[in-house]
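Undergrad: for reference, the sequence and a predicted model appear below.
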Amino acid sequence: MPHTIASLFDAMWQDYIVQCPSADKIHQLLEHDGEIINDHVAFRTFNLPEVGLDKLAQHFIALGYEAKGEYAFKQKKLFARHFEHPSPTAPKVFISELLLEQCSDSLQQVAKSLVAQLKVDAVADKDFLYSGQQWQVSTATYQALQQESEYAAWLAAFGYRANHFTVNVNQLPQFSHLGDVNTALKQAGFPLNQAGGEIKGSPQVLLEQSSTLADKINVNFVDGVLQIPACFYEFAQRYPMADGNLYSGFVAASADKIFESTDAR
Ligand code: OOG
Ligand code: NI
């Protein structure tokens with residue numbers, strides 16, 4: 001049976017909380033006072049024809065999602081798009097891709113060799129968006145990628161899965177501001193990503209965001225195991241536009257810092 005929005009997000013969540021056990025704990029903590037609504041999830045990929053942003057997006061387009069904003073991250077050599085569904089309860093989707101033609105020859109070769117290991121048209125599989133690392137990669141390759149692009153290294157290690165889920169802070173009954181959520185998280189012992197400040201964005205840009213630092217988990221490589229940053233949890237508070245509707249886009253300067261939630265540390 002093809003996925004519904006609910007079954008797809010549920011399958012992605014089940015995979016995600018294995019990569020980010022903190023998210024499961026935080027979810028339980030916040031859920032105490034009511035249901036948690038997801039603002040968005042995010043995916044990463046290489047801009048190769050087999051697995052580019054548009055290919056990943058097909059899964060969401062098939063469920064009625066529409067392409068919305070575009071974002072460029074010059075220094076990180078990324079391009080991204082976000083997708084929304086007409087149903088207001090469906091989470092938004094943020095998909096980025098690494099622009100390989102701007103990367104070194106060696107990084108391009110690694111990316112191509114990883115993607116070449118996927119089975120033909122793997123991207124079309126019902127399970128692709130929570131399939132994880134479906135290729136063989138060595139610890140040396142992971143570490144070499146990290147020198148050039150943390151994003152590429154993360155993708156090589158974790159493959160295709162939700163990189164983060166995001167709590168819709170507007171819908172949390174017991175918190176009126178993101179800062180109070182952050183305080184509660186820190187009190188409970190969850191370290192937050194401080195890159196660009198604990199809260200990225202502002203009411204002026206209509207979006208405030210914060211995120212945990214990615215949980216470090218053991219990942220199997222062909223030649224051994226490394227304990228490395230996996231997935232993280234994000235928190236987003238949206239503000240109304242002039243027409244009274246909440247801003248539904250992203251803010252590139254803030255997103256640039258959210259990416260760093262998975263950096264080595
Ligand atoms: C995506 C980072 C951007 C946001 O909410 O601005 C983002 C990523 O880390 O893959 O999710
Ligand atoms: Ni995000």
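TA: That came in fine, so what should we check first? Residues are numbered from 1 along each chain as shown. Ligands and ions are numbered 1, 2, ... in the order given.

Undergrad: can you name the residues of the stretch 1-150 of the chain that neighbour ligand 1?
TA: 42, 44, 94, 96 (CB under 6 Å from any ligand atom). (Each C-beta comes from the backbone N, C-alpha and C, glycine too.)

Undergrad: just checking, the third one touches residue 44?
TA: No: with contact taken as CB atoms under 8 Å, residue 94 and residue 44 are classed as non-touching, separated by 9.7 Å.

Undergrad: spit out the contact partners of the spatially closest residue to residue 174 that is not a sequence neighbour.
TA: Closest residue in space to residue 174, ignoring its immediate chain neighbours: residue 33 at 4.6 Å, by CB to CB, 6 or more residues apart in numbering. Residue 33 makes contact with 172-174, according to CB atoms under 8 Å, 6 or more residues apart in numbering.

Undergrad: can you give me the helices for the chain?
TA: Per DSSP state H, the chain carries helices over the ranges 5-19, 21-31, 53-61, 105-115, 139-148, 150-158, 178-187, 252-258.

Undergrad: now the angle between helix 5-19 and the third one, please.
TA: The directions of helix 53-61 and helix 5-19 differ by 120 degrees, with axes from the mean of the first three to the mean of the last three CA atoms, to 10 degrees as the criterion.

Undergrad: contacts for helix 53-61, please.
TA: Contacts for helix 53-61 (CB under 8 Å, 6+ apart): 3, 8, 43, 45, 47, 49, 65, 67, 79-81, 83, 85, 93, 95-97, 123-124, 128-129, 160.

Undergrad: contacts only, for the closest residue to ligand 1 within the chain.
TA: For the chain, the residue closest to ligand 1 is residue 255, as judged by CB to the nearest ligand atom, at 3.1 Å. Counting by CB under 8 Å, 6+ apart, residue 255 touches 71, 73, 80, 94.

Undergrad: what about the last one, neighbour count?
TA: Meaning residue 94. Using other CB atoms under 10 Å, residue 94 has 25 neighbouring residues.

Undergrad: kindly report the same for the first one.
TA: Residues contacting residue 71 under the criterion other CB under 10 Å number 18.

Undergrad: ok, the one 3 residues further on next?
TA: Per other CB under 10 Å, the neighbour tally for residue 74 reads 11.

Undergrad: before we move on, what about residue 95?
TA: Residue 95 has 24 nearby residues by other CB under 10 Å.

Undergrad: quickly list what it is bridged to.
TA: residue 43, residue 81 (DSSP bridges).

Undergrad: contacts only, for it.
TA: So residue 95 contacts 42-45, 53, 56-57, 80-83 (CB under 8 Å, 6+ apart).

Undergrad: top of the residues you listed by neighbour count?
TA: Going by other CB under 10 Å, residue 44 tops the contacts of residue 95 with 25 neighbours.

Undergrad: near ligand 2, which residues of the protein?
TA: 42, 234 (CB under 5 Å from the ion).

Undergrad: sorry, back to before: which two from the contacts of residue 255 end up farthest apart in space?
TA: 73 and 94 (11.9 Å; CB to CB).

Undergrad: mind listing the shared neighbours of the two?
TA: Joint contacts of residue 73 and residue 94 (CB under 8 Å, 6+ apart) are 80, 255.

Undergrad: OK, now which residue of the stretch 151-265 of the chain is nearest to ligand 2?
TA: As assessed by CB to the ion, ligand 2 sits closest to residue 234 within the stretch 151-265 of the chain, at 4.6 Å.

Undergrad: for that residue, list the residues it contacts.
TA: If you count contacts by CB under 8 Å, 6+ apart, then residue 234 has 39-40, 164-167, 209-212, 258, 261 around it.
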